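> pasting the sequence and the predicted coordinates here, then a few questions.
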Amino acid sequence: MITPANPAAAAKRKVVILYAEQTVTLDGTITIKPLRYVVPEDEIGIEEACKMTGLSRRTLQNKCETGQIPSARKPGGTTNSKWRMSRMDIVKLMEQQEPGK
């Protein structure tokens with residue numbers, strides 16, 4: 001069971017669990033504890049995307065500029081505008097980076 005900090009707000013949104021811890025007790029009860037989850041429709045900046053992926057700012061900027069992150073945009077429309085992107089696109093990018101995929 002997910003217990004977010006603000007249950008009322010979370011009830012209105014779907015979440016994607018990235019990492020979870022599963023425990024099984026002797027009586028067969030399974031408990032899944034989310035360690036990290038995201039809200040799919042959230043838009044994030046490049047700093048948060050760097051933290052999520054472990055990639056450098058410049059690498060992510062290159063991926064934005066070359067269209068590797070489909071939702072990437074600069075809302076201000078100028079060269080000084082900051083990149084914004086879909087959190088789910090970053091989750092997909094992380095899945096592609098995982099070894100063995």
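Arrived safely, thanks for sending.
> residue ranges with poor pLDDT in the protein?
1-19, 36-41, 98-101 (pLDDT under 70).
> domains in it, as residue ranges please.
7-38, 43-97 (automatic domain parsing).
> most packed of those?
Mean neighbour count (mean count of other C-beta atoms under 10 Å) peaks for domain 43-97 among the domains of the chain, with a mean of 15. Bear in mind the C-beta positions are built from the backbone N, C-alpha and C, glycine included.
> check the offset of it from the chain's centre.
11 Å (C-alpha atoms, centre = their mean, to the nearest Å).
> ok, now which ones touch the nearest residue to Cys50 once chain neighbours are set aside?
Nearest non-adjacent residue to Cys50, counting by C-beta to C-beta, 6 or more residues apart in numbering: Arg57, 5.6 Å away. By C-beta atoms under 8 Å, 6 or more residues apart in numbering, the contact list for Arg57 reads 46-47, 50.
> one more pass at 10 Å, please.
46-47, 49-50, 83 (C-beta atoms under 10 Å, 6 or more residues apart in numbering).
> how close does it get to Trp83?
9 Å (C-beta to C-beta, to the nearest Å).
> same question, Pro34
28 Å.
> and the helices in this protein?
7-11, 46-53, 57-65, 87-97 (DSSP state H).
> any chance of the ones you listed in CSV, with distance to Gly28 too?
Output for the helices of the chain, formatted as CSV (distance: least, C-beta to C-beta, whole Å):
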stretch, distance to Gly28
helix 7-11, 28
helix 46-53, 35
helix 57-65, 44
helix 87-97, 31
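> ok, which of these comes nearest Ile30?
For the helices of the chain, proximity to Ile30 was assessed by C-beta to C-beta; helix 7-11 is nearest, at 22.0 Å.
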